[in-house]
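Based on what follows, work out the 3D shape:
(2 chains)
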Amino acid sequence: MHFVFNGSWLHYPAQASLLAVPATLFGIVILLASILLRRVIRNRFLRHRDLRTLRIRRDWDRIISREIPPETWLFHPIDGQVVEEILLDQMDVAGAAELIPLRQFARNSGLLDRRVRDVRHSKGWRRRHALLALGRMRIPEGVPAIVEVLSDRNMATVVDAVRGLGKIGTPQAAEPILELLESGDLSCPQQTLQIALANCFRGHASKLLKRIPECSDACRPLLARVLAEVANDETTGDLSVLASDPLAEVRACAARTLAAVRPPNACHSLMRLAADEEWFVRLRAVVALGELVNPDSLRMLVVALCDSNRLVRLRAAAALVRFEGEEGRIFQLTIQTRDRYALQALVSEMERSGRIPELVNALSDPERRPIVESALLAALQGGSARMLIDLWLHHSDRHIRARLARLLARSGDKGLLQQVEQFSLSIATRQQKRVLRWLIANLRKSSHAVTSEPVVAA
Amino acid sequence: MSAFLEFSNYLLFWYYLGSNLIYLGLLIVSVAVTLAHHHRLAGLWLDRMRDSPLMPPVSILVPAHNEEKCIVDSVRSFLALDYPELEVIVINDGSNDHTLERLTEHFHLLRTDILYVSEIPTKLVRGLYMSSVDRRLLVVDKQSSGRKADALNAGLNAASSPFVCAVDADAVLERDALLRIMIPVFADPRRVVATGGIVRVVNGTLIENGEVKQVRLPRRPIEVLQVIEYLRAFLIGRQGWAEFNLLILISGAFGVFRRDVMRQVGGFRSTAIGEDLDLVVRIHRILRDKGEDYRVAFVPDPVCWTEVPSNLKSLARQRARWQNGLADVLWRNRDMLFNPRYGRIGYLALPYHWLFEWVAPVIEVLGWTTMIIAALLGKLSMTFFANFLLFGYLFGTLISIGSVVLEEMTYHRYNDWRDLARLLGYCFLEFFPYRPLNTLWRLRGLRDSLRGRNSWTKIERVGFVEQSGARH
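Next up is the predicted model:
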């Protein structure tokens, strides 16, 4: 009889296990030693590096002024790295004036040349780190070296080159990216391109705006997205071309840009986009209209509240909530649409944004009271009964509680009556129960007298 | 009889060797991937991403069933995350304790009637609550179906962001965890459909106001052994598989999914025991059926701290449930095995899980039993038997120490020398006695799956505050 480990016919596993035991034991010892050694060496290295960093920071002014010659630190494995890191950190936060001496130092000390050489002749991570370092230096001489890498076969390297150009942050640095994009020779994730281009055109959105209409269909959506990110009220140019672009994505971005730039005809253009055939263009336009808070757009936003797309409806509600003091009119227009979903979306957003408690508090203001009361009655119709009862029972101001109680009693809402009856079962205090009984009696009385305007389902 | 013993011994030898060699291969891959990830991180500016308007919004889904001990701390930690666009949705899954009351008390919840469309069917949603102190918090109160998946589906219905992050209610996320886990999405938004982060053991660690203050190793041996197990599973296993786009499990304790893809696959399967595994396998199935180019990624540095069972009874129940869930998913998707349509998932990932995860307890128990019988009957050379035992023990220990090395090389969370010494010491106890125990628990899970038992059993929680208080 032969068995696996008797070593006669099945030699291999037997020998293998014999060999494997010392080999595995050796592996364990190596791993344990590596952990312990690494801890010790790492601690020593970090201590050593911290000391040298401290010394370099102390001598920083002398290093920058080249009083300490670059040869003394440039070729040192730790010092060279530390000086470059400090320099790059300073360049990241430096203004235009502070940047000049720092750039001069990078040029004269040899740090720039070293990084350019790394980009051109090194491989792997060294090259990729050099690309980012060159970008952070923001020196025009570094651009050609980075551009050479844009056509590299390795996509990870191209991504770092694009990020490097993005870090330079000038429209000139974006030119090579745009050229390659136009010719379709750049393979890089859209998100990376978008960030890089946004960095390059921040503060120069007008230049980008001029360029977009000339671009191909493949590039225009990307550039339009970037424009929407970087545009501000100082951006000049004709946005109507973008708003009437054949590509829906460009039109959607135009809506965002219009909200950021706010040209005189912004509201009119956005209202046109809010009636676009593509839902996401309507969505962007509605959001933008909410940012403009122009009373002329109220009707359009109420129409959007009845949109076939749920997201557009929700955003329209969010936009409408921003119109302070117009609550009565907004509710009136919404009720006129006879769309229950629209009213529910509006009331939900009013609740979510804390506007219903604000309206309740405004009951104490005699001037606003009539408008507020009509708005609250509409909110009640839209399904805000629970929150209103809750506010009525727990509001700290007894005058407001009284006004709200009268308002609720006057509403004659049958749905409210049911809810109040349910509420009364779970109420704890005797006083609250008494008040609820009063409200139920009044609601029963008024429900015979008042007939609220019916709201039909969409 | 002899032939059977012979075959069984032979099988066990190659089985152990194969299993450990695969793990050794994954360890080597993971070291390379981790180093590359660190290089990549060096070029990323997380602080800029933190404020970037280009980051996609994320809804965090927190299913909570009787979590009154830790829910407030957890929600506080989720709301404090560094992420520009965030929404936290807590799903109170029919809790019998004061979970909802504690949330109401701490976050001033108000009942609301916001629009809730039940796109994925769930048990009755009793109400929706918004926080008046932080409008990013939404609480969905629903009837319990006894399944986490159902709660997650309710959260999915209420979510409004393009990405959802499923997190356990007893978990604490590090402040930048969400930002880090979204890096693959940010780099390749078209292809990445799901991404997972690392889950670490919170037992013993000091938590204050939902934030990790001091990382320490737990005191109980059973907890330390789980620390090593988690390190090995995540730092070696998940990372290695993800590198080849072979990951079929993203932990339900911390994972991000594209919402449109989740809706395509119909959300979590509400009858699934291992809903996280089931979801990822179905994502693979549906996207491969459609011939789409996609990626399921894993990022090793976003950390989710979670409480692990601190007694054998709870641990046994948890492991049996995991095994039951695995069996359920693998059996349902058996048609994917060696099916060319499912490519590497059908040829590599699933066969591995069948062979080295699902039937592992059976093979191990059978193999060890026959080997002991053979040794007792004198049919087996005792020298080689001892040699094999030693080899199995040392190889398993080598892999466990390898995961500690990886942790030490990269993330370096356990700074204290004593913690490191204990961690390494317990590596020598993982193969024996922990692994045989685990095998028995998993065998129980297999038995449950054969009997069709699929009830959800919760592990006993100590809660963060008491736990850290006990230690410090």
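
in what helix or strand does the closest residue to A:A319 other than its chain neighbours lie?
What sits nearest to A:A319 in space, not counting adjacent residues and going by Cβ to Cβ, 6 or more residues apart in numbering or on different chains, is A:G290, at 2.6 Å. Placement of C-beta: from N, CA and C, glycine included. Per DSSP states H and E: A:G290 is located in helix A:279-292.

Remind me what that helix packs against, helices and strands.
Where contact means 3 or more Cβ pairs under 8 Å, 6 or more residues apart in numbering or on different chains; DSSP states H and E, helix A:279-292 is packed against helix A:248-261, helix A:266-273, helix A:298-304, helix A:310-321.

can the third one be found next to chain B?
No: looking at helix A:298-304 against chain B by Cβ under 8 Å from any Cβ of the partner chain, there are no contacts, and the closest approach is 15.3 Å.

ok, back up a step: okay, angle between the helix holding A:G290 and helix A:310-321 too, please.
10 degrees (axes from the mean of the first three to the mean of the last three Cα atoms, to 10 degrees).

which outside residues touch helix A:279-292?
Helix A:279-292 has contacts (Cβ atoms under 8 Å, 6 or more residues apart in numbering or on different chains) with A:248-249, A:251-253, A:255-256, A:258-259, A:262, A:266-267, A:270-271, A:273-276, A:297, A:300-301, A:304, A:307-309, A:311-312, A:315-316, A:318-320, A:322.

what sits against the residue lying closest to A:R38 once chain neighbours are set aside?
The spatial neighbour of A:R38 that comes closest, neighbours along the chain excluded (Cβ to Cβ, 6+ apart), is B:E408 at 6.5 Å. Applying Cβ under 8 Å, 6+ apart to B:E408 gives the contacts A:35, A:38-39, B:420.

Can you tell me the element B:E408 falls in?
helix B:382-410.

ok, now B:L423?
Assigned by DSSP H and E, B:L423 belongs to helix B:417-429.

ok so, going back, for the helix holding B:E408, which residues meet the burial criterion?
Neighbour counts over helix B:382-410 (16 or more other Cβ atoms under 10 Å in any protein chain shown) mark B:384-385, B:387-389, B:391-410 as buried.

can you check stretch A:166-183 too?
A:166-171, A:173-174, A:176-178, A:180-181.

tell me the average confidence for it?
Across stretch A:166-183, the average pLDDT comes to 90.

Just the C-alphas of that stretch, formatted as PDB.
What follows is stretch A:166-183, C-alpha atoms only, in PDB (Å, rounded to 0.1, in the frame of the first residue of the first chain):
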ATOM      1  CA  GLY A 166      -2.900  71.900 -15.700                       C
ATOM      2  CA  LYS A 167      -0.800  72.900 -12.800                       C
ATOM      3  CA  ILE A 168       1.100  75.400 -14.900                       C
ATOM      4  CA  GLY A 169      -2.400  77.100 -15.100                       C
ATOM      5  CA  THR A 170      -2.100  79.400 -18.200                       C
ATOM      6  CA  PRO A 171      -4.000  79.400 -21.400                       C
ATOM      7  CA  GLN A 172      -0.700  78.800 -23.300                       C
ATOM      8  CA  ALA A 173      -0.200  75.600 -21.400                       C
ATOM      9  CA  ALA A 174      -3.700  74.500 -22.500                       C
ATOM     10  CA  GLU A 175      -2.900  75.100 -26.200                       C
ATOM     11  CA  PRO A 176      -1.100  71.800 -26.800                       C
ATOM     12  CA  ILE A 177      -3.900  69.800 -25.100                       C
ATOM     13  CA  LEU A 178      -6.500  71.500 -27.200                       C
ATOM     14  CA  GLU A 179      -4.600  70.900 -30.400                       C
ATOM     15  CA  LEU A 180      -4.200  67.200 -29.600                       C
ATOM     16  CA  LEU A 181      -7.900  67.000 -28.600                       C
ATOM     17  CA  GLU A 182      -8.900  68.500 -31.900                       C
ATOM     18  CA  SER A 183      -6.800  66.100 -33.900                       C
END
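
quick one: pLDDT of the nearest residue to B:F428 once chain neighbours are set aside?
Nearest residue to B:F428 in three dimensions, chain neighbours excluded: B:T397, at 5.6 Å (Cβ to Cβ, 6+ apart). In this prediction, B:T397 carries a pLDDT score of 92.

Now for chain B: which strand has the highest residue count?
Looking across chain B with DSSP state E, the single longest strand is strand B:295-306.

Parallel or antiparallel, which strands does that strand pair with?
Applying DSSP bridges, strand B:295-306 is found paired with strand B:171-173 (antiparallel), strand B:192-201 (parallel).

who wins for proximity to A:I78 among those?
With Cβ to Cβ as the measure, strand B:192-201 is the member of those nearest A:I78 (31.3 Å).

got the angle for that closest one vs helix B:382-410?
Going by the same axes, to 10 degrees, strand B:192-201 makes 110 degrees with helix B:382-410.

Now the element after strand B:192-201, going C-ward?
strand B:206-208.

Follow the chain on from that next one and name the next helix or strand.
Next element after strand B:206-208 (DSSP H and E): strand B:211-214.

what does that following strand rub up against?
Residues outside strand B:211-214 that contact it (Cβ under 8 Å, 6+ apart): B:77, B:80, B:172, B:174-175, B:202, B:205-207, B:305, B:472.

Buried ones among those?
The neighbour count (16+ other Cβ under 10 Å) marks B:77, B:172, B:174-175, B:202, B:205-207, B:305 as buried among the contacts of strand B:211-214.

can you map out the helices along the stretch 151-300 of chain B?
With DSSP state H, counting those that start in this stretch, the ranges of helices along the stretch 151-300 of chain B come out as B:177-181, B:183-187, B:221-231, B:239-243, B:259-264, B:275-289.

can you redo those as CSV with mean pLDDT?
Converted to CSV, the helices of the stretch 151-300 of chain B look like this (pLDDT from 0 to 100):
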stretch, mean pLDDT
helix B:177-181, 92
helix B:183-187, 85
helix B:221-231, 94
helix B:239-243, 93
helix B:259-264, 91
helix B:275-289, 95
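
Okay then, goodbye and thanks.
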